[in-house]
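> sequence first, then the predicted structure, then my questions.
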Amino acid sequence: MAASILAVFPGTFDPITRGHEEMIRRAAGLFDRLIVAVAAGHHKKTMFSLDERMEMVRDVFADLPNISVDSFSALMRDFVLAHGAQVMVRGVRGVTDFDYEVQLAGMNRKLMPDVETVFMTPGERYQHVSSTYVREIASLHGDVQGFVSPLVHQRLLQRVKERQSDN
């Protein structure tokens, strides 16, 4: 009997997009269990707090029992090893992402030689979608409805409205 495979899909998810969602759903079909690891994002100024991002991710995947959501703030290596994961899943949209991700995978292989990195690409429909673009377009009152789930869309609209009232 094959051992149960645990994979980790890390990211900042500020906010989680349809591109993330599509890849995570596909990864959940490939592995027995999948942890969506939400980065604290100390190196980035996020639109949503860590708790808000985790809540959105949990809500988006509430229908998938083999997905859990957790956070991390240190090295991804420490998180992966602490959870006993055998695989790390990384999303790649294009050549720029690929170059960065190959270098990162090489470093991770040195740090955790028993953990495999699996690259996934979003479907053509979401190839161009990034959280950065979604935040920027939403902040400028553009329509991002097709790029995020309805729940995330509502949260984005509310956050933009809150930020405007603060100014």
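Received it, and whenever you're ready, just let me know what you need.
> what are the ranges of the helices in this structure?
Secondary structure of the chain (DSSP state H): helices at 18-30, 50-60, 76-83, 95-111, 131-139, 150-166.
> output those as a markdown table; include the columns mean neighbour count and mean pLDDT.
For the C-beta atoms, the positions are set from N, CA and C on the backbone; glycine is no exception. Output for the helices of the chain, formatted as a markdown table (neighbours: other Cβ atoms under 10 Å; pLDDT from 0 to 100):
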| stretch | mean neighbour count | mean pLDDT |
| --- | --- | --- |
| helix 18-30 | 19 | 97 |
| helix 50-60 | 19 | 97 |
| helix 76-83 | 16 | 95 |
| helix 95-111 | 13 | 90 |
| helix 131-139 | 17 | 95 |
| helix 150-166 | 14 | 92 |
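> in contact with G19, which residues?
Counting by Cβ atoms under 8 Å, 6 or more residues apart in numbering, G19 touches G91, R93, P122, Y126, Q127, V129, S130, F147.
> next step: those restricted to strands.
Using DSSP state E to define strands, the subset of those located there is G91.
> show me which of the contacts of G19 is closest to V8.
G91 (12.5 Å; Cβ to Cβ).
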